[in-house]
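> take a look and give me a structure for this.
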Amino acid sequence: MDIQLSTGASTADRVKEGRYAVNLLKNATSFEPFYAQWQQLQAESESCSPSLDYQYCKLAAKRVIAEGGLVAIVMVYDTTTLVALWPLSIRRKGLLRVASVLTCGNNEEYGGPLFKGRPTASVCVESIRAAMHAPADVLEIPFVEVGSQWWQALRTAPQSWVQNLLPERLSVLPGFSASLRDFSHWEDFLGTLSQSLRRNLRRYKDKLNASGNTEFGWCTNLDDATMVLHWLFANKRQWALERALRTSYLMDDRVRDFFIALAAKTSLETVPLVTFVKVDGVPICASINLVGPRTVEYWIFTYDEAYSRYSVGNLLTEFVARWAHANGRDFDMRPLYNEYKTYWVTRRTHHRTPTVMLTARGRLGEFALLLGQLSRVRRGLGRVAASALRSAKARAASQWRSRAR
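Predicted coordinates for the structure are as follows:
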């Protein structure tokens, strides 16, 4: 099967019924020619993750190229109509060339293409076939929803046999989301929450307001976004260090700097990229939110534990979810268990990270990939354990206060 590899403008050879193009980018300026097609496809997509936004991917691609990697943009056509666009990073990991998502640095973006409309099964399969022509040995596709059409299409590709041997508890992560577009009124959604949560949200908000000048909002200018992002990552890093969690993306400032750069490219007056709760002008809780045409992804979140008695995390979650509903978007709390997510969820999913084998050398590297997957799962389980411990402590403190009263 022949396919055109291009380092310039998009070109493609006809392959069976469709057309594929794999565009290899070796410098950041090569991204610009794809802007118009990318924006049009993004506007027409029915299920686009915000991490596939043009500006997000351009910033991520710039970092990949600066660090010596390669960027591939896989394009799939139906005759002359672009129906799928899949940006990939290609980096060396030991002896292997590994293709994966373009990432802010925490490697937690959903893996998959930007599709025109709602993709058909055949378009999903064609996208995988096209991506298999990227100059890599393996293709990692993070957080694919098990049972989805994209998942079914991936099962047609040659996958890691070692990975398939892993027990479900080591390879599957739970996902949590609220399908807010199913509710005409915010009060209808609130009615699905437990009475105790609704009562506590009102009570804790009143107590927090009494503690000082309280503000719920989002950063509408770059200076404020920069300040809150510095606080968010410093607080989250300290939280990880106190629990001996060596979460790699928190140990330096690259992810923080990525979102500062993204904020500079975002219409902050209308897009709540960085939301916060402040008391007397000082952040006590903050989140990064990726805002897409139909979904808000609750991306990175932290709070000052000194304010845990006010449940500020849930208060900020309510603020972001309310904005999402008011603006016609669903609320995705992302894979990985955290107890607070269970309070807001209307839809639960399961997610895996398939590894597609592209070359014989990729097969030889399967055991190294297994170690990497186990390391990723171990980090995830560490975060889950830390979250469970924090929740248990909060419940114990709440029970103690109740007895004290």
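
> so S177 sits right up against P335, yeah?
No - in this structure, S177 is not within contact of P335 by Cβ atoms under 8 Å, at 9.9 Å. In short, each C-beta sits where N, CA and C put it, glycine included.

> show me whatever sits in contact with both of these two.
Counting by Cβ atoms under 8 Å, 6 or more residues apart in numbering, the residues touching both S177 and P335 are T349.

> quick one: C285 and D78, what's the gap?
Shown here: C285 relative to D78, a distance of 46 Å by Cβ to Cβ, to the nearest Å.

> which secondary structure elements does the longest strand seen in the chain contact?
Criterion DSSP state E: the longest strand present in the chain is strand 81-93. Applying 3 or more Cβ pairs under 8 Å, 6 or more residues apart in numbering; DSSP states H and E, one finds that strand 81-93 contacts helix 35-44, helix 54-66, strand 70-78, strand 96-100, strand 114-115, helix 121-131.

> any buried residues in that strand, and which?
82-90 (16 or more other Cβ atoms under 10 Å).

> quick one: which of these is nearest to L222?
P87 (25.5 Å; Cβ to Cβ).

> surely the closest one and S100 touch.
No - using Cβ under 8 Å, P87 is not in contact with S100; the gap is 10.5 Å.

> joint contacts of these two?
Counting by Cβ under 8 Å, 6+ apart, nothing touches both P87 and S100.

> report the angle between the longest strand of the chain and helix 121-131.
Angle of strand 81-93 versus helix 121-131, following axes from the mean of the first three to the mean of the last three Cα atoms, to 10 degrees, is 40 degrees.

> what's the angle from strand 81-93 to strand 70-78?
Using the same axes, to 10 degrees: strand 81-93 against strand 70-78 is 160 degrees.

> list the neighbouring strands of strand 81-93 plus their orientation.
strand 70-78 (antiparallel), strand 96-100 (antiparallel), strand 114-115 (antiparallel) (DSSP bridges).

> so where's the chain shaky on pLDDT?
1-18, 368-405 (pLDDT under 70).

> walk me through the domains of it.
5-170+353-385, 180-345 (automatic domain parsing).

> gap between the shortest one and the chain center?
Yep, that's domain 180-345 we're talking about. Remark: domain 180-345 is offset 14 Å from the chain centroid, using Cα atoms, centre = their mean, to the nearest Å.

> between the two ends of it, how far is it?
10 Å (Cα to Cα, to the nearest Å).

> same deal with stretch 182-195?
Span of stretch 182-195 from end to end, Cα to Cα: 21 Å.

> which residues does the residue most central in space within the chain contact?
Here the mean C-alpha position of the chain is nearest to the C-alpha of E109 (Cα atoms, centre = their mean), at a distance of 3.7 Å. E109 makes contacts with 49, 51, 101-103, 142-143, as judged by Cβ under 8 Å, 6+ apart.

> how about V228?
By Cβ under 8 Å, 6+ apart, the neighbours of V228 are 219, 274, 276, 283, 286.

> and among the helices and strands packed on strand 81-93, the most buried is which?
For the helices and strands packed on strand 81-93, average neighbour numbers computed from mean count of other Cβ atoms under 10 Å are highest in strand 114-115, which has a mean of 24.

> before we move on, back to that, could I get the strands paired with strand 81-93 as a markdown table with distance to V296?
Listed next are the strands paired with strand 81-93 as a markdown table, based on distance: least, Cβ to Cβ, whole Å:
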| stretch | distance to V296 |
| --- | --- |
| strand 70-78 | 26 |
| strand 96-100 | 24 |
| strand 114-115 | 18 |
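
> I figured P272 hits W323, correct?
Yes - contact criterion Cβ under 8 Å: P272 and W323 qualify, at 5.8 Å.

> could you tell me which residues touch both of these two?
By Cβ under 8 Å, 6+ apart, the residues touching both P272 and W323 are 218, 296.

> of those two, which one has the most company?
Per other Cβ atoms under 10 Å, whichever of P272 and W323 has more neighbours is P272, with 22 against 18.

> contacts only, for F143.
Applying Cβ under 8 Å, 6+ apart, the residues near F143 are 108-111, 173, 175, 335, 351-353.

> same thing but at 10 Å, please
49, 101, 107-112, 173, 175, 334-336, 349, 351-353 (Cβ atoms under 10 Å, 6 or more residues apart in numbering).

> dump the helix or strand hosting A21 to CSV, restricted to CA.
Using DSSP states H and E, A21 maps to strand 18-25. Output of strand 18-25 as CSV, limited to C-alpha atoms (Å, rounded to 0.1, in the frame of the first residue of the first chain):
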residue,chain,number,x,y,z
GLY,A,18,-9.8,7.1,0.0
ARG,A,19,-6.7,9.3,0.1
TYR,A,20,-4.1,9.5,2.9
ALA,A,21,-1.4,12.1,3.6
VAL,A,22,1.2,11.9,6.3
ASN,A,23,2.8,15.3,6.6
LEU,A,24,6.1,15.4,8.5
LEU,A,25,7.0,18.7,10.1
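
> what angle sits between it and helix 54-66?
Using the same axes, to 10 degrees: strand 18-25 against helix 54-66 is 60 degrees.

> among the strands paired with strand 81-93, which comes closest to A130?
Closest approach to A130 among the strands paired with strand 81-93 is made by strand 70-78 (5.0 Å; Cβ to Cβ).

> okay, that closest one in CSV with CA atoms only?
Extracted C-alpha coordinates of strand 70-78, given in CSV (Å, rounded to 0.1, in the frame of the first residue of the first chain):
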residue,chain,number,x,y,z
LEU,A,70,9.2,15.0,14.8
VAL,A,71,5.6,16.0,14.2
ALA,A,72,3.3,14.1,11.8
ILE,A,73,-0.1,15.3,10.7
VAL,A,74,-2.1,12.4,9.3
MET,A,75,-4.9,13.5,7.0
VAL,A,76,-7.7,11.3,5.6
TYR,A,77,-9.9,12.3,2.6
ASP,A,78,-13.1,11.1,1.2
